[in-house]
Every structure is written in structure tokens, then in C-alpha cells.
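Colleague: output the structure for:
(chains A, B, C and D)
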Protein chains: 2
Amino acid sequence: MTSVPEMRPFAESLPMALLQAREVAMRYFRPLLAEHDLTEQQWRVLRALTSADDALDAGELAARTLLLAPSLSRILAHLDERGFVTRTIDPTDQRRTLVELSPLGAKQVAQIAPESERLYAEIEAVFGDGELHALLESLHQFARKADPDPS
Amino acid sequence: MTSVPEMRPFAESLPMALLQAREVAMRYFRPLLAEHDLTEQQWRVLRALTSADDALDAGELAARTLLLAPSLSRILAHLDERGFVTRTIDPTDQRRTLVELSPLGAKQVAQIAPESERLYAEIEAVFGDGELHALLESLHQFARKADPDPS
DNA sequence: TGGAGGAAGTTAACATGTGTAGTAAATTTC
DNA sequence: GAAATTTACTACACATGTTAACTTCCTCCA
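Modeller: Here you go, the predicted structure:
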């Protein structure tokens, strides 16, 4: 009989709790994104570019969207095909690719944003405004303090 | 000029905060899993079976690991090949597949568990024991209260 | 100054995630 | 008791996660 040493209950582990919470949150947004034929990751890219309000190089964009470079590369190819972003080589450093939201891409974001905000407000309402902000603060603090490699 | 309506800053959104926090947490465990040639998802399955301490049907296992049935199906095929789990048809309900941790699988878990617990303790130490428990409690509460479809 | 070493990005290969459709066994319904 | 429904799993298609290899370009220093 191979007995397993004491481990905390699976369902109560931090990684599972985070995954479960994210799953719950994303259930609000998935139908909206599906309506507009956007994956979660594609939306993250459009969102990050909107928030940056300027061109970003691929590395910076990867960091902000928490995507790996190879994934981002493919995603950008798709978004470029659909006309939502433009890619240009940085003239000051030709290794870098500058990514910018196109007018069509901005239009797409503008079309989705209101409904997205409505869903976010729904989450706030259900969970409680104060609780949500406390959770966010706790998450940010965790990311700051626990990051083993704050690159 | 297509102006985008007010949206909360991308980096402060709940889905990104959850993703970022999970990313930070997983950075502790990935090297350990890689050493043992296990993906995150495979480990979730082994962990869930260990925690259950009994055979689970595929549906229940999918629910507990937050995996979709098609993903779980493939993962189980791989774990079966490696001899970590066994799959048998439930004699009392032949629709169901019962999944059980094999002795070899249990041995594998037993080999990883101590180091995993050590890493978990490291996170507790860095972030603070109280803060971590508060965060976990908040995450569980969010999952309970905000789930739009508590199946 | 030019070549070694490093950095940025892409491509490739394989596994998993996600959604849709299909299949088989059990259950329900009439 | 047979058709319709339910339940669980499987098959397939496409997108992403992950690692490694490769290309091109930049930096730096002997």
C-alpha cells in the first residue's frame, strides 16, 4: 500500500482556487466574445493595445497580455489578417516588431466595450463592490510579493 | 477617430489579476512538474484522484479538475499508457468509466508531494500565512457567489 | 572593426484547451 | 416494451501553451 504523505486538500489549493475563480469570471464574458468571433487571448491583445493607446513592441505586448511570444506571434498573424492590428518593423531597432491597433480594431473594441462593462458591473453587483475591490487588491499584492522572479 | 468608451484599465481587470496571480503561483511548481515529466493538467488529475482516495467516474473527475471531458479523455489515455491510472467500465452503469490511481501512480504522487508541500510553504512564508488564507477564502466565496450557473 | 555573443521574433512540433458533433448505454415516457 | 430522451464518453477542428531550433539584427569589445 503506497500511502501518500499529507497534502492539503486538492480543491483548497491556491492554484485550483485561482483557476476556479477565473473560470467563474470568464463564464460571464465568453458568450460576448464568441458573438464577435474573438478568443479570450485575441481580446486580451486588443484590450492591451487599447489601454496602451500607442504602438507596443511584441515583447512588451506579450508581457502585458501574459502570453508567450510564440502564441502571440500566431495571434497577431490572425488579428492582422482580420485587419484589427498592423505590424511594422521598428526603424530604430529592426529586431523589434511594433504592433498597433488599426481603426477597424478600435471600432471592434468600441463595439464590445459597453457590454463588457455591463457584465463587469454585474459581477460587482453579485459579489459586492467592496469584496471585489478587496479581492483585486489582495491579488495584486500577491503578484507583487510572491513573484519568485520579478523580471 | 474611433474613441473607445471608458473601460477599466486592462491590467486591473479581475480576469487579468486572476491570471497574473495564478501565473505567479505556478512559477513555483512548474520546475518540479517538469522534472517528473508531468504537465499541469496531468498533475491535477493525479492530485484529484489522490484526494478522492477512491475511483471516480470521468464526469466527476472532469468537474474536480476543471477540465473539459475531451481534454480529460486524452490526458487519461496518456496517464494510462504510463501506468499511472487504470480505467474500467462501471459494472453498475456501463455508461460510466471509473478512473483509479494505480500503485505506480500513487508512488509517483508520493514522490512529488513532499517537494510540492515545501514550495507551498514557501509561498505561505513569502506572502504571509494570514494573507494567503484570506485570499483563499475570498476566492472561494467569489466562486460560490458569482457563479452564474452553479450546476 | 569585425566577429562573438546576446536579444527579438518567428517557425515547428507536440500536448492541451475549447466547442461542436456523434455514438452507445441507460433511463424515461407513453 | 419500443421510441424518445438523458448521460457520458469519443472524434474532430481549430486555437493556444510550451519548448526548442532558427533567423536576423544589435552590441560590444578584443
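Colleague: just checking, what packs against the longest helix seen in chain A?
Modeller: Taking DSSP state H as the criterion, chain A has its longest helix at helix A:103-127. Counting contacts by 3 or more Cβ pairs under 8 Å, 6 or more residues apart in numbering or on different chains; DSSP states H and E, helix A:103-127 packs against helix A:14-35, helix A:40-52, helix A:129-146, helix B:129-146. C-beta here means a position set from N, CA and C on the backbone, and glycine is covered the same way.
Colleague: just how off-centre is it within its chain?
Modeller: Here helix A:103-127 is found 14 Å from its chain centre; the criterion is Cα atoms, centre = their mean, to the nearest Å.
Colleague: check which residues of that helix are buried.
Modeller: Using 16 or more other Cβ atoms under 10 Å in any protein chain shown as the test for burial, helix A:103-127 gives A:105, A:106, A:108, A:109, A:112, A:113, A:116, A:119, A:120, A:123, A:124, A:127.
Colleague: just to revisit the earlier point, out of the helices and strands packed on helix A:103-127, which is closest to DNA strand D?
Modeller: Closest to DNA strand D of the helices and strands packed on helix A:103-127, according to Cβ to the nearest atom of the strand: helix A:40-52, at 4.1 Å.
Colleague: between helix B:14-35 and that closest one, find me the angle.
Modeller: Here the directions of helix A:40-52 and helix B:14-35 differ by 130 degrees (axes from the mean of the first three to the mean of the last three Cα atoms, to 10 degrees).
Colleague: need the pLDDT of the residue nearest to the spatial centre of chain A.
Modeller: Geometric centre of chain A, nearest residue: residue A:44, 4.1 Å, by Cα atoms, centre = their mean. In this model, residue A:44 is scored at 96, pLDDT.
Colleague: before we move on, what about the one 5 residues further on?
Modeller: Note for residue A:49: predicted pLDDT of 96.
Colleague: for it, list the residues it contacts.
Modeller: By Cβ atoms under 8 Å, 6 or more residues apart in numbering or on different chains, the contact set of residue A:49 is A:56, A:61, A:85, A:99, A:100, A:101, A:105.
Colleague: which among these count as buried?
Modeller: A:56, A:61, A:85, A:99, A:101, A:105.
Colleague: for residue B:18, find the nearest of the helices and strands packed on helix A:103-127.
Modeller: Nearest to residue B:18, of all those, is helix A:14-35, at 4.1 Å by Cβ to Cβ.
Colleague: residues contacting the closest one, please?
Modeller: Applying Cβ under 8 Å, 6+ apart, the set of residues contacting helix A:14-35 is A:10, A:39-40, A:43, A:112, A:115-116, A:119-120, A:122-123, B:14-15, B:18-19, B:21-22, B:25-26, B:29, B:44, B:66, B:120, B:123, B:132, B:135-136, B:139-140, B:142-143, B:146-149.
Colleague: and stretch A:133-141, by the same measure?
Modeller: A:127, B:12, B:14, B:17-18, B:20-21, B:127, B:131, B:134-135, B:138-139, B:142.
Colleague: of the contacts of helix A:14-35, grab the buried ones for ChimeraX.
Modeller: A single ChimeraX command selects the buried members of these (16+ other Cβ under 10 Å):
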select /A:10,43,112,116,119,120,123 /B:14,15,18,19,21,22,25,29,44,120,123,132,135,136,139,142,143,146,147
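Colleague: just to revisit the earlier point, is DNA strand D contacted by the longest helix of chain A?
Modeller: No: Helix A:103-127 stays clear of DNA strand D (Cβ under 7 Å from any atom of the strand), getting no nearer than 14.4 Å.
Colleague: in strands, which of the contacts of residue A:49 appear?
Modeller: A:56, A:85, A:99, A:100, A:101 (DSSP state E).
Colleague: identify the bridge partners of the closest residue to the first one other than its chain neighbours.
Modeller: Using Cβ to Cβ, 6 or more residues apart in numbering or on different chains and skipping residues adjacent in sequence, the residue nearest residue A:56 is residue A:99, 5.6 Å away. In this structure, residue A:99 has the following beta-bridge partners (DSSP bridges): residue A:56, residue A:87.
Colleague: distance of residue A:99 relative to residue A:67?
Modeller: From residue A:99 across to residue A:67, the span is 12 Å (Cβ to Cβ, to the nearest Å).
Colleague: please enumerate the shared neighbours of these two.
Modeller: By Cβ under 8 Å, 6+ apart, the residues touching both residue A:99 and residue A:67 are residue A:61.
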